[in-house]
Structures are given as structure tokens and as C-alpha cells.
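> Output the structure for:
(2 chains)
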Amino acid sequence: MEVKAQQLKLYIPLLITSVSLLIIGLGPGLFNQTTLTGYSWQHKVFNLLCHQDPYRSFAINGEPMAICARCLGIYGSFAFVVLLMQLIGRFLTVINRLVVKLIMITIVLNLVDVFFNGIGIWTNTLHSRFLLGAFFGGSLALILTNEFFKQIGNSEESYGT
Amino acid sequence: MEHETMENQNPSYWTSVLIGGLIVGFITTIMSLGSQYMTIGSEPTGSSINLTQIIGILSCLVGAIGGVIATRHYAKEFDITFPIGKGALIGFLAGVVAVAFSSVIGVIWTYLIDPDLNQAFYDWQIANLEAQNMTDDQMEMAMGFIPKPGSTSALIWTVGIGLVVMGALNAISGLIGAKIFASEED
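Model (predicted):
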């Protein structure tokens, strides 16, 4: 299916912002900086936005990331979907009502995971937190696909071309 | 008459911006001050994680919803649809209002209501670093990231980072809010 790019003046800043947040969130290890755990400019940027517990964060080059595994999933999948939006728009028809339901489901899943982990019903892992965060972040970005890359059906004029 | 029509088509979004920004600013201020009091009331254990950061996971969610609250209010209040670009602007402004409100209340609180809070929190962080048995070099490096109480640079850092990060996150949440609550599509 063909897609028509629109509102690029909005899409490009969104792409730059989401990828920048992800790169900063990957922490000092990405830049080969050796720091004391929790003391880097990347950690400072996300200080008020994430608990940054090193035991609940992935590490690069032995340095914990500036965001936890769940936040990495959210920022990562959001940036990934924004980056691939044109491709997604080609192969997937995004229906807003369904994506809103998907967002609600992912919010509930994350809350349930946090709650049951908190009261000791189950113990989540780095990977499970990352995946649940990724479902949430990805579905948030998915709803914007139509706005930037709108599917255009095959018109009569395009037949035979 | 024409003026009235234009106003009806483009009602002011400032009330929505203020509502979204003030809700987020109020909650983050309460959580920030509350976590500082909880931290200084606890024993420094040497852990790199303190109560402030644990509570931060909640303010993360709260900090990013200003754009959604503001765009939802704007769309429902006037029963209108608007482009997502306007949602991004409304969200960004809500983030700025939240940071401004939070900073002003923080300054009033720490300068007028409880001037000892910043010093007590600073002392707790130093004690926590000492409990980690760091070398002098490591201590010096770590202290570079701990703002001295009442310093202007600390305030500028905090407000500057807050404006950029909260502004960006709320602009994104405003985009999404506009798409969900103010889109003409089903």
C-alpha cells in the first residue's frame, strides 16, 4: 500500500527528540565513560523521570543505563516505531479505536506487573519489564502513524501504471 | 461578528495549559518535597538509590501526563477537534508551566518556609557517599553532581533540565492526547 508523507515539520522533531531521549537514556556506558553508579550527566537528565535503580537497569560496558529496563522499553520502542513509521504505514492499517484499546491494555498490564511484583505474587525480570514497557511505548507511537504517513488506496488513475 | 466567529473556532487554550501544568506541577512538587523529607528522615546506608529516586518512578508517570490532561480538557471543554501540532504546543506549554510552578514553590519552600531543608538534604547525600567508602577522587567526582544548597547554578541546572525534558515529554504526550481526544478520525 502506498503512503503519503505529511506534517514532516512535526515528524522530524519528534524523531530527533525520541531518538535523543533514547541515546541519553542508554547512559554513560554508550560513550565509554567510566563513572560512579548514578553520577553522570545522563543520570542527571533522567533523575526526576526514573528511579534509575542499577539492579533494575541494563548495562553497557559495565555502566548501568540512565533509565530502568521498563523505561528503556518505553523510550526504545517509541523511537523504533517512530523511526520505522513509513514502513509500518505501508504494511499496517492503523485503526485508532483499536490502538487506543491496545494502549489501555498495555497500561493495565504494566500496572498489574508492578503491583503483583510489589506484593510478592511474582518476581518480574529485567527482560519482562523491558518487554512490557516496549508494548506500551510502541503502541503510543503506533497511534501517530496515520498522522505522518497516511495510506492512500489505489485510485482509478493509478491502475495500469 | 466575524471576530466572534474566529474566537469560536479557535478558543484560547491557556486555561487548559494552566490546568494540565498546575496539576502536574502540584503533584511533582508534593512528591519532590515529600521524598526529600523522607530521605533525610532515613539512615544513609551507602546505597546509590534513595527514596527520592524510588518516588521518582511515580513522578515519571505524572510528569509526562500534563500534555494529555491539557489536550483532553481543551478538546472536551470546547467540543472541538484540532491538529496534533497544536496538541504538541499545548503539551509543551503545560510542561513549562509545571516546571515553573514546581520551581517557584520549591524556592519559596526552601527559602522561606523551611530554609534548613536543602542543607539537611545535602548533608544526607554527603553522609551517604561517605558510607560507600569512596576514595577522595571518587568523592570529589560524585560531589560534582550534587548541587550545593542554595546555589544559583543548581537552580539553573534543575530548571533548565526540567524545561527541556518536561517540555519535550509533554509535547509528545500532547501529540498523543490530541490524536486520541481531538482527532476527526475514528
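
> what about the nearest residue to residue B:174 once chain neighbours are set aside, which helix or strand?
Spatial nearest neighbour of residue B:174, excluding adjacent residues (Cβ to Cβ, 6 or more residues apart in numbering or on different chains): residue B:91 at 1.9 Å. For the C-beta atoms, the positions are set from N, CA and C on the backbone; glycine is no exception. Residue B:91 is located in helix B:84-108, with elements delineated by DSSP states H and E.

> what comes up buried for whatever helix or strand comes next after that helix?
Next helix or strand after helix B:84-108 toward the C-terminus (DSSP H and E): helix B:117-130. Within helix B:117-130, the residues scored as buried using 16 or more other Cβ atoms under 10 Å in any protein chain shown are B:117, B:118, B:120, B:121, B:122, B:124, B:125, B:128, B:129.

> what about the helices in chain A?
Assigned by DSSP state H, the helices in chain A fall at A:8-25, A:41-45, A:69-83, A:85-91, A:96-118, A:126-142, A:145-148.

> scratch that, chain B
Going by DSSP H, chain B shows helices at B:2-9, B:14-40, B:51-63, B:66-78, B:84-108, B:117-130, B:136-143, B:152-181.

> Dump these into JSON lines; add mean pLDDT as well.
Formatted as JSON lines, these follow (pLDDT from 0 to 100):
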{"stretch": "helix B:2-9", "mean pLDDT": "49"}
{"stretch": "helix B:14-40", "mean pLDDT": "88"}
{"stretch": "helix B:51-63", "mean pLDDT": "58"}
{"stretch": "helix B:66-78", "mean pLDDT": "96"}
{"stretch": "helix B:84-108", "mean pLDDT": "94"}
{"stretch": "helix B:117-130", "mean pLDDT": "82"}
{"stretch": "helix B:136-143", "mean pLDDT": "74"}
{"stretch": "helix B:152-181", "mean pLDDT": "89"}
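
> which intervals of chain A have sub-threshold pLDDT?
Residue ranges of chain A with pLDDT under 70: A:35-38, A:153-161.

> try 50
Filtered on pLDDT under 50, chain A yields the residue ranges A:155-161.

> Enumerate the residues of it near chain B.
Proximity of chain A to chain B, by Cβ under 8 Å from any Cβ of the partner chain, involves residues A:7, A:9-10, A:14, A:17-18, A:21, A:35-40, A:43-54, A:68, A:71, A:95-97, A:100, A:140, A:143-144, A:146-147.

> buried subset of those?
Buried by 16+ other Cβ under 10 Å: A:7, A:10, A:14, A:17-18, A:21, A:35-40, A:43-54, A:68, A:71, A:96, A:100, A:140, A:143-144, A:146-147, out of these.

> Pull the contacting residues for residue A:40.
Residue A:40 sits next to A:27, A:28, A:33, A:63, A:66, B:145 when contact means Cβ atoms under 8 Å, 6 or more residues apart in numbering or on different chains.

> Neighbour count added to those, as JSON lines?
Formatted as JSON lines, the contacts of residue A:40 follow (neighbours: other Cβ atoms under 10 Å in any protein chain shown):
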{"residue": "A:27", "neighbour count": "27"}
{"residue": "A:28", "neighbour count": "22"}
{"residue": "A:33", "neighbour count": "13"}
{"residue": "A:63", "neighbour count": "24"}
{"residue": "A:66", "neighbour count": "27"}
{"residue": "B:145", "neighbour count": "17"}
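
> If we ignore the residues flanking it in sequence, what's nearest residue B:18?
Closest to residue B:18 by Cβ to Cβ, 6+ apart is residue B:97, at 6.2 Å.

> how close does that neighbour get to chain A?
To chain A, residue B:97 is 16 Å away according to Cβ to the nearest Cβ, to the nearest Å.

> re the thing from before, ok, so of the buried residues of helix B:117-130, who is nearest chain A?
Nearest to chain A out of the buried residues of helix B:117-130 is residue B:129 (Cβ to the nearest Cβ; 8.8 Å).

> ok, that closest one touching residue B:144?
No: using Cβ atoms under 8 Å, residue B:129 makes no contact with residue B:144, being 11.5 Å away.

> OK, contacts around the residue lying closest to residue A:74 once chain neighbours are set aside?
The shortest distance from residue A:74 to any non-neighbouring residue, by Cβ to Cβ, 6+ apart, is to residue A:137 (3.7 Å). Taking Cβ under 8 Å, 6+ apart, we find residue A:137 in contact with A:73, A:74, A:75, A:76, A:77, A:78, A:81.

> Would you format the residues you listed as a markdown table with neighbour count included?
What follows is the contacts of residue A:137, written out as a markdown table (neighbours: other Cβ under 10 Å):
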| residue | neighbour count |
| --- | --- |
| A:73 | 24 |
| A:74 | 30 |
| A:75 | 27 |
| A:76 | 21 |
| A:77 | 23 |
| A:78 | 27 |
| A:81 | 22 |
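
> returning to that earlier point: inside strands: which ones of the contacts of residue A:40?
Of the contacts of residue A:40, the ones assigned to strands by DSSP state E are residue A:63.

> just to revisit the earlier point, which of the helices of chain B is buried the deepest?
Comparing the helices of chain B by mean neighbour count (mean count of other Cβ atoms under 10 Å in any protein chain shown), helix B:66-78 ranks first with a mean of 25.

> any idea how far the nearest residue to residue A:76 once chain neighbours are set aside lies from residue B:182?
Spatial nearest neighbour of residue A:76, chain neighbours left out: residue A:22 (5.7 Å); criterion: Cβ to Cβ, 6+ apart. Plainly put, residue A:22 is 27 Å away from residue B:182 if you go by Cβ to Cβ, to the nearest Å.
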